[in-house]
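Undergrad: Pasting the sequence and the predicted coordinates here, then a few questions.
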Amino acid sequence: MRLFTSLFLLFFVATTSCAQGTAGVTIPANQTFILGEYRTEGYRATMTNKSNRDVEVQLIDQADGSVASTLTLEGRGKKTVKVDDGQSVHLINDNKRSVKVMVRSSVKGSEGMRYVGNDEEAKPTKITLPSTGPAPAAAPTSTSAPVPSPATTASTADAAGETKVKVTLTPGQRLIVGEGSSESFNLTISNLGSDLDVTGRSKANNKRMQGFGLGRFGKVEMSIRSNENLVIKNNSAKNSTVTLKMDRPVIGARVE
């Protein structure tokens, strides 16, 4: 059991406080996955390509955005790279179909992970938001018990917001958090039951800005920026209970 637990990743599908972990990231066609954007200390990353299509890997200097080195991760291939202090890793999918890459590293969620289009500038997007965010889609009832049905919503609509949300997602359901907030926040996501898809989506156009898969016993740290909503979807055939612990009150959480 200890060996099984240690295989989950601390930065996006991790379940333990281990320094290393493994996760699978699906990179859509013509998208780039950025790893370790805000991490300052160096580390090693081992990448295993589970698809038949090549992926370009670039080590990027965080200070000026220059390319320090480039290599090709061949289809079904495996590479280990040494990431120096002040560098991030870009996994570039120039193919017309998505690819899946298993990544083993010590990067945490708060140290940066997101997707950008291959024609976009790989810098955090700044969006000017109104002083008050959009109103929550549904009035909440409680955060102390799991959500028993799609019609029940999590309790986060009071004026002060909530620092903890706990819901049970049935197959196909989504938990959306932060629609009523205009500030960034950090959180810990704990999952029990089945695999989940976790994304940060633009408040402006719902575009996926970062994302990863969270295992059925997953626990992960994540940062949601002021221009994002957190969306957690249960794509499996089983129920899954999700607990969120935020570092500040967040307004707006609903299940659909």
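TA: Received, thanks.
Undergrad: what's the spacing between stretch 209-218 and its chain's center?
TA: 6 Å (Cα atoms, centre = their mean, to the nearest Å).
Undergrad: ok, the most centrally placed residue in the chain - contacts?
TA: The centroid of the chain falls nearest to Gly211 when counting by Cα atoms, centre = their mean (3.5 Å). If you count contacts by Cβ atoms under 8 Å, 6 or more residues apart in numbering, Gly211 has them with Arg114, Tyr115, Asp197, Val198, Thr199, Gly200. C-beta: built from backbone N, CA, C; applies to glycine.
Undergrad: That one belongs to a helix?
TA: No: with DSSP: H, G, I helix; E, B strand; the rest coil as the criterion, Gly211 is located in strand rather than a helix.
Undergrad: so what's it bridging to?
TA: With DSSP bridges as the criterion, Gly211 is bridged to Thr199.
Undergrad: and if you look at Val101?
TA: Val25, Asn49.
Undergrad: these two touch, right, it and Met47?
TA: Yes: judged on Cβ atoms under 8 Å, Val101 makes contact with Met47 at a distance of 5.5 Å.
Undergrad: okay, and the common contacts of the two?
TA: Contacts common to Val101 and Met47, judged by Cβ under 8 Å, 6+ apart, are Val55, Leu73, Leu91.
Undergrad: tell me which residues of stretch 232-246 are tucked away?
TA: Ile232, Lys233, Asn234, Ser236, Asn239, Ser240, Val242, Thr243, Leu244, Met246 (16 or more other Cβ atoms under 10 Å).
Undergrad: State the pLDDT value of Ser106.
TA: If you check Ser106, the pLDDT there is 87.
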